[in-house]
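# with the input below, show me the fold.
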Amino acid sequence: MAVDEWLLRSAEQRGHCVLRLYEWSPATLSLGYFQPVAARQDHSASRACALVRRSTGGGAILHDRELTYSLVIPTRHRLAVDPLSLYRLAHGALITALAELGIPARLCEVATPLPRDQEPFLCFQRRAVGDVLQGDFKIAGSAQRRHRGAILQHGSVLLAASPFAPELPGICDLVGGQLSAASLASVFLPHLAAALAVTLVVEAPPTSEQESIAQLEIGQFSSAGWITRR
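Take a look at the predicted model:
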C-alpha cells in the first residue's frame, strides 16, 4: 500500500504510467477507504487475517488466492478524463488475457446501486458496471483515487476461493484447472500495456525513495490511527 501511495504521489512529477502486479503474504483483508473497521467483525472467516486499509474505495477484499494490480496515470493522460473508460480498458485487457488462456469472462453492463449502508461487506459480493464476471460471479473489480495530478486504480482478480472467504469462488473454482498469479500476470501485463499504448520498462523505486516509502508505511498504512479511522 505504501509503494502504491508513493507511486501516486510521484506520478505528476515523473509524468508516466506505472503498472504494478503483485501478491500478498500472509493472507490480508484490505478495507476500502470509507469502510468502518467494526464491520469486519461481521465476517467471521477473515477475523484471523492481517488487516490494512486501502486509500481507494469499495468493499473489503480478501487478498489470498488472487492477483492485485495497481495502475497509476497522470491526469493529463488521455484516459484520465473518464473514470469508467479506465475501468473498462483495464478489465477489457483482462478479459482478452483470460480468453487467451481459454477462460470466458465478460463485463458487467447493468448494476443496481445500493445505499452505502446496505452494500455487502466484501467487494466481490457487490456489482458495478465494468466489473468482470464469469457466469454470474464477479472475478475482478477495481477502485480509483485521484490525488492532485494523478489517478491510482487498484484492482483484484480472484483466482480461487480462500479459506478466509470461502463464499467467494475464483476462476479456478468456476472453470476448473489451475491458474497461478504469475501465469495470469505474464499474459495480462502485455495486454494492459497495449491497451494503454505504453512501452513496458521494468524498474524498481529508486533507492533514494526507499525512506519516503518506509515513512508512508510506518506513518500511515501501519498506523492504528489510519486502519481504525472509521
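# tell me which other helices or strands the helix or strand of the chain with the lowest mean pLDDT touches.
Using mean pLDDT, DSSP states H and E, helix 2-14 stands out as the lowest-scoring helix or strand of the chain, at a mean of 87. Secondary-structure packing of helix 2-14 (3 or more CB pairs under 8 Å, 6 or more residues apart in numbering; DSSP states H and E): strand 18-22, strand 66-74, strand 137-147, strand 150-158, helix 210-216. Glycine gets a C-beta too; all of them are placed from N, C-alpha and C.
# got the angle between it and strand 66-74?
Between helix 2-14 and strand 66-74, the angle comes out at 20 degrees (axes from the mean of the first three to the mean of the last three CA atoms, to 10 degrees).
# quick thing: my sequence starts at 43, can you match it?
Renumbered: residue one is now 43, and that last one reads helix 44-56.
# got the angle between helix 44-56 and strand 179-189?
On the basis of the same axes, to 10 degrees, helix 44-56 is oriented at 50 degrees to strand 179-189.
# report how many residues lie close to Gln160.
When counting by other CB atoms under 10 Å, one arrives at 7 neighbours for Gln160.
# pLDDT score for it?
Predicted confidence (pLDDT) for Gln160: 85.
# picking up where we left off before, can I get the helices and strands packed on helix 44-56 in JSON lines with mean neighbour count, mean pLDDT and distance to Glu245?
JSON lines is the format used below for the helices and strands packed on helix 44-56 (neighbours: other CB atoms under 10 Å; pLDDT from 0 to 100; distance: least, CB to CB, whole Å):
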{"stretch": "strand 60-64", "mean neighbour count": "17", "mean pLDDT": "91", "distance to Glu245": "9"}
{"stretch": "strand 108-116", "mean neighbour count": "22", "mean pLDDT": "93", "distance to Glu245": "13"}
{"stretch": "strand 179-189", "mean neighbour count": "21", "mean pLDDT": "93", "distance to Glu245": "21"}
{"stretch": "strand 192-200", "mean neighbour count": "24", "mean pLDDT": "94", "distance to Glu245": "17"}
{"stretch": "helix 252-258", "mean neighbour count": "14", "mean pLDDT": "91", "distance to Glu245": "14"}
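# could these go into a markdown table alongside distance to Asp215?
What follows is these, written out as a markdown table (distance: least, CB to CB, whole Å):
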| stretch | distance to Asp215 |
| --- | --- |
| strand 60-64 | 21 |
| strand 108-116 | 12 |
| strand 179-189 | 9 |
| strand 192-200 | 9 |
| helix 252-258 | 35 |
